[in-house]
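> Here is a sequence together with a model predicted from it:
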Amino acid sequence: MEENIFHLQYAMDTFYFLVCGALVMWMAAGFAMLEAGLVRAKNTTEILTKNITLYATSCIMYLVCGYAIMYGGSIFLTGIGDVDAAETLKSFAEREGGFTGGSIYSGASDFFFQVVFVATAMSIVSGAVAERMKLWAFLLFALVMTGFIYPMEGSWTWGAEGMFGLNLDDQFGFKDFAGSGIVHLAGASAALAGVLLLGARKGKYGPNGEIHAITGANLPLATLGTFILWMGWFGFNGGSVLKLGDIGNANTVAMVFLNTNAAAAGGLIGALCVARLLFGKADLTMILNGALAGLVAITASPDTPSALVATIIGVVAGALVVFSILGLDKLRIDDPVGAISVHGTAGLFGLLVVPFTAEGTTFFGQLVGAAVIFAWVFGASLVVWYIIKLVMGIRVSEEDEFEGVDIAECGMEAYPEFTRTK
């Protein structure tokens, strides 16, 4: 009887992991649509090319070396899909003392769930450097980011002990349930390093401190992308429970879904209200980023707050992201889609509010974790970006930027019928 329960629990948890992983993979489409909608029409094909290629790059690099760095043990040649049922049953019984505790699932499903998180972190970089970065320079950075930089900081948090024997969870009580810092702050840190070396788009800032708005070409597409990301986030946070096959964890999953949705809604309303107060208008781009900011902020601990607190966290994150976007513009840091603010500012905020609801966590521990993630990812990314800049350059020519990188980098346009007269 116990063995049958084990098999059912193993199958259920594995299936749940895979479904949540598929939802997170669908977020790649959300990022692609969001970014394609917020860039100018002449840069659409290139941004789409970056998003679908970075996903494939992430999958291969994490398979080749990233997973091994983060968790130990190579899976590239040996595989992790073939499991001896008797041995698995025995080892689980010895480790957990029974068949109903702990998380049990296929190792292959764990890899699949982890690899889509890597792609998410890299997608954040894509939007921040849009419209003026060379495609191949970006893809070269993606190799290093997904194969080494991200897995290294992941090993200090979610994985085994990383370099210098550092484990933020055990040593500082750091909590990041689904990746406000590990995924989102990391992606924003890498993006910030690239943007600082890359510079702003031509015409974005005037010589006397003026800030010129450069509007996106397709706001319906950007809105669709936000809805896709909102939906995918249920897999992002819900799957991070790691288990479904008992009453306690099923209730946790339900609460995580509820809080994820509440924080997104709160973030949207927070950004809407602040935009109305500041601009006198309902700014759709701020509204979209507000919803995403709420999602990013709750990701650090979606399992502990009440729905009311999750909504408040979202409202504050949505308000913060508006001020962050405006602040970066004043610093002349050009981020076409607001990715650094959404994933960096809201990611940091999400980490810092964890101690309000999660027992055993401290502000000091959360600050240490955030500082380590930022210092490593920003520093390593800055070095890599600089080397790429020296070797092949990272920015397209002024002429290509003016004409649009679609033709220069991809040789085709996304909307040719709207730009051709013959």
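Received, thanks. Residues are numbered from 1 along each chain as shown.

> residues making contact with stretch 25-37?
For stretch 25-37, contacts defined as CB atoms under 8 Å, 6 or more residues apart in numbering pick out 44, 47-48, 51-52, 55, 116, 119-120, 123-124, 126-127, 130, 216-233, 235-236, 288, 337, 414. All C-beta atoms are positioned from the backbone trio N, CA, C, and that covers glycine.

> try 7 Å this time
44, 47-48, 51-52, 55, 116, 119-120, 123, 126-127, 130, 216, 218-219, 221-222, 224-226, 228-229, 232, 236, 337 (CB atoms under 7 Å, 6 or more residues apart in numbering).

> Would you mind listing the buried residues in that stretch?
M25, M27, A28, A29, G30, F31, A32, M33, L34, E35, A36, G37 (16 or more other CB atoms under 10 Å).

> thinking in terms of the whole chain, how far from its middle is that stretch?
Here stretch 25-37 is found 12 Å from its chain centre; the criterion is CA atoms, centre = their mean, to the nearest Å.

> Stretch 283-294 too?
Put simply, stretch 283-294 sits 16 Å off its chain's centre (CA atoms, centre = their mean).

> repeat for stretch 5-23
Relative to the centre of its chain, stretch 5-23 is centred 23 Å away, using CA atoms, centre = their mean.

> Check which element follows the helix-or-strand element of the chain with minimal mean pLDDT along the chain.
Ranking every helix and strand in the chain by mean pLDDT, DSSP states H and E puts helix 85-96 at the bottom, with a mean of 49. Heading C-terminal from helix 85-96, the first helix or strand you meet, by DSSP states H and E, is helix 107-128.

> Pull out the buried positions in whichever helix or strand comes after that next one.
Going down the chain from helix 107-128, the next helix or strand is helix 135-144, by DSSP H and E. Residues of helix 135-144 classed as buried: L135, A137, F138, L140, F141, A142, L143, V144 (neighbour count, 16+ other CB under 10 Å).

> What is the burial count for the closest residue to A137 other than its chain neighbours?
Nearest residue to A137, sequence neighbours excluded (CB to CB, 6 or more residues apart in numbering): I394, at 4.4 Å. Neighbourhood size, I394 [other CB atoms under 10 Å]: 23.

> Same question for S109.
By the criterion of other CB under 10 Å, S109 has 21 neighbours.

> So that it lines up with my notes, have the first residue be 369 from now on.
All right, first residue 369 from here; so that's S477.

> In contact with the residue nearest to it when sequence neighbours are not counted, which residues?
In space, and not counting its chain neighbours, S477 is closest to F385: 4.1 Å by CB to CB, 6+ apart. By CB under 7 Å, 6+ apart, F385 lies in contact with Y473, S477, D478, F481, G607.

> Filter those down to the buried ones and hand me the PyMOL line.
To isolate the buried ones among the contacts of F385 in PyMOL, judged by 16+ other CB under 10 Å, type:
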select buried, resi 473+477+478+481+607
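
> now the contacts of F385 as TSV including pLDDT and distance to V677?
Shown next, in TSV, are those (pLDDT from 0 to 100; distance: CB to CB, whole Å):
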residue	pLDDT	distance to V677
Y473	64	30
S477	84	31
D478	85	30
F481	92	27
G607	94	22
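
> With respect to I775, which of the contacts of F385 is nearest?
Nearest to I775 among the contacts of F385: F481, at 38.2 Å, using CB to CB.

> pretty sure that closest one is touching L391, no?
No. Taking contacts as CB atoms under 7 Å, F481 lies outside contact range of L391: 10.1 Å.

> Straight-line length of stretch 637-655, end to end?
Start and end residues of stretch 637-655 are separated by 7 Å (CA to CA, to the nearest Å).

> now swap in stretch 712-726 and tell me
Distance across stretch 712-726, first residue to last, is 21 Å (CA to CA).

> about what we covered before: helices - which of the contacts of stretch 393-405 land there?
Using DSSP state H to define helices, the subset of the contacts of stretch 393-405 located there is 412, 415-416, 419-420, 423, 484, 487-488, 491, 494-495, 587, 589-590, 592-594, 596-597, 600, 604.

> Mind giving me the ChimeraX select for the residues you listed, buried ones only?
Those of those that count as buried under 16+ other CB under 10 Å are selected in ChimeraX with:
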select :412,415,416,419,423,484,487,488,491,494,495,589,590,592,593,594,596,597,600,604
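
> hmm, back to that, would you list the contacts of F385 in CSV and tack on distance to L626?
Shown next, in CSV, are these (distance: CB to CB, whole Å):
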residue, distance to L626
Y473, 23
S477, 24
D478, 25
F481, 21
G607, 15
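
> where does the stretch 369-518 of the chain dip in pLDDT?
The model of the stretch 369-518 of the chain has pLDDT under 70 over residues 369-371, 441-474.

> what's the burial count for the nearest residue to I492 once chain neighbours are set aside?
Nearest non-adjacent residue to I492, counting by CB to CB, 6+ apart: G555, 3.0 Å away. A count of nearby residues for G555, using other CB under 10 Å, gives 31.

> any idea how far G555 lies from L699?
According to CB to CB, to the nearest Å, G555 and L699 sit 19 Å apart.

> How about M531?
The gap separating M531 from L699 is 32 Å, by CB to CB.

> So between the two, which is more surrounded?
The residue with more neighbours, out of M531 and L699, is M531; 11 against 7, by other CB under 10 Å.
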